[in-house]
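**Q** Sequence and predicted structure, then a few things I'm wondering about:
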Amino acid sequence: MKTLVVLMLAIMVCSCKQNTKAQPELAIHESGIEVKNIEATAVETIYQFKVKDLYGNPFDFSTLKGKKIMVVNTASKCGLTPQYKNLQELYKTYKDANFTIIGFPANNFKSQEPGSNAEIAEFCEANYGVTFPMMSKISVKGNDMDEVYKFLTQKSRNGLEDSEVEWNFQKYLINEEGHVVRVVSPKTLPTDESIISWIKS
């Protein structure tokens, strides 16, 4: 009898350990976005990061808990720079629906963001009327990659997948729990229907 009890306890412990290996995220079929399982053992969230905005003010990602977030690396002298208009349109439409956009200027691709933070701020406001939060210029790849982007691009930290920032205006979609759920190609417009469906779901 004692042996049977010990055996049952061992089975229960093993079962519990197996159940904690992964936390499946629900697939959002109506938006066309299939969300992969997020491995709970090593998953971080974006809420751990504190950065500075274009004006040098502190910005704490933990203030965005409960919101869906799009993180995008931007540039002022790129063929995709007109996406600023789409980003602003998306932000204006859904900013009151638990959604926000966080822009990170980066000069990693053919020096297409050479300006200072002040120059970038002036460019964004004057040319596209940008009102969504824009952070200080950082590096999104290479040896000097910013910690935020290490989190976004490394599966060991985000639990979703390894990725590489291919070009300016690559988007990372983050759910209300601070987890990365999709990587969006730079050429895909911010106003793509699959993105809008995800925001509205």
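**A** Looks like it came in fine.

**Q** Is Lys92 part of a helix or strand, or is it coil?
**A** Recorded secondary structure, Lys92: helix (DSSP: H, G, I helix; E, B strand; the rest coil).

**Q** Next: Trp198.
**A** Quick answer, by three-state DSSP: Trp198 is helix.

**Q** didn't it look like it was pressed against Glu176?
**A** No. Applying Cβ atoms under 8 Å, one finds Trp198 not in contact with Glu176, separated by 11.5 Å. The C-beta positions use only the backbone N, C-alpha and C, and glycine is treated the same way.

**Q** What's opposite the most centrally placed residue in the chain in the beta bridge?
**A** The structure's the chain has its C-alpha centroid closest to Tyr172; by Cα atoms, centre = their mean the separation is 3.7 Å. Listed beta-bridge partners, Tyr172: Val71, Val183 (assigned using DSSP bridges).

**Q** low-confidence ranges in this protein?
**A** Filtered on pLDDT under 70, the chain yields the residue ranges 1-42.

**Q** rerun at 50
**A** Along the chain, segments meeting pLDDT under 50 span 4-7, 9, 13-26, 28-29, 39-41.

**Q** For it, which segments count as strands?
**A** Taking DSSP state E, the strands of the chain run over residues 50-52, 58-60, 68-74, 99-105, 171-174, 180-184.

**Q** Touching both of Trp198 and Glu176, which residues are there?
**A** Here Trp198 and Glu176 share the contacting residues Lys68, scored by Cβ atoms under 8 Å, 6 or more residues apart in numbering.

**Q** was I right about the residue nearest to the centre of the chain contacting Gly178?
**A** No. The criterion here is Cβ under 8 Å, and Tyr172 misses it with Gly178 at 11.7 Å.

**Q** Trp198: how many residues sit nearby?
**A** When counting by other Cβ atoms under 10 Å, one arrives at 23 neighbours for Trp198.

**Q** if I look at it, how far off is Pro133?
**A** As for Trp198, its distance to Pro133 is 19 Å (criterion: Cβ to Cβ, to the nearest Å).

**Q** what does Glu89 give?
**A** Using Cβ to Cβ, Glu89 is found at 16 Å from Pro133.

**Q** Tell me which of those two has more neighbours.
**A** Taking neighbours as other Cβ under 10 Å, Glu89 and Pro133 compare with Pro133 leading, 18 against 14.

**Q** what's the more buried one in contact with, if anything?
**A** By Cβ under 8 Å, 6+ apart, the contact list for Pro133 reads Asp53, Phe59, Thr100, Ile101, Ile102, Gly103.
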